[in-house]
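Undergrad: got a predicted model here, sequence first, then my questions.
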Amino acid sequence: MRARIAAERASTSARIEALRRDFEGIVEANALVAVDDEHDPEGSSTAFERAHVAALLARAGEQLTELDRALERLDHDAYGRCESCGEPIPAARLEIRPEATRCVACARTRGKRRR
């Protein structure tokens, strides 16, 4: 599982770098033109694009942190146990989401409480 998490971490790091380049490109392109988001027909789409890339970048950063925590749990023999109920997290769930900290039942319960 350590190799799986390391591969996912490398992929996420590469995605972060690509998103940073995209974000910087958007900012640089906008710096070359005086964009008035309120009156320029292209301004709203530029602002949306910038916000969208920023959101993707933030989520990728969160995923990287979650993967690092998964590696820590592996080091402390706590990996694969639900942090809510203590039961094992199914292998199929960990294969799909190696950073998972909850079993399916506890993840569903937590999702319902958020609503």
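TA: Great, that's in hand.

Undergrad: point me to the helix or strand that includes the closest residue to L71 other than its chain neighbours.
TA: Across the structure, with CB to CB, 6 or more residues apart in numbering as the measure, the residue nearest L71 apart from its sequence neighbours is I5 (5.8 Å). All C-beta spots, glycine's among them, are computed from the backbone N, C-alpha and C. Taking DSSP states H and E as the definition, one finds I5 inside helix 2-31.

Undergrad: state the mean pLDDT of that helix.
TA: Mean pLDDT, taken over the full extent of helix 2-31, equals 93.

Undergrad: before we move on, what about stretch 85-100?
TA: With pLDDT averaged residue by residue, stretch 85-100 scores 95.

Undergrad: got it, and stretch 63-75?
TA: The predicted model assigns stretch 63-75 a mean pLDDT of 97.

Undergrad: how far does it sit from the chain's center?
TA: 13 Å (CA atoms, centre = their mean, to the nearest Å).

Undergrad: just name whatever secondary elements the helix holding I5 is in contact with.
TA: Using 3 or more CB pairs under 8 Å, 6 or more residues apart in numbering; DSSP states H and E as the contact definition, the elements that helix 2-31 packs against are helix 43-75.

Undergrad: quick check: closest non-adjacent residue to L57.
TA: Once chain neighbours are set aside, the closest to L57 by CB to CB, 6+ apart is L19, at 4.4 Å.

Undergrad: before we move on, back to that, tell me the angle the helix holding I5 makes with helix 43-75.
TA: Helix 2-31 runs at 160 degrees relative to helix 43-75, counting by axes from the mean of the first three to the mean of the last three CA atoms, to 10 degrees.

Undergrad: the residue nearest to L57 against L56, yeah?
TA: Yes. Between L19 and L56 there is a contact at 5.5 Å, judged by CB atoms under 8 Å.
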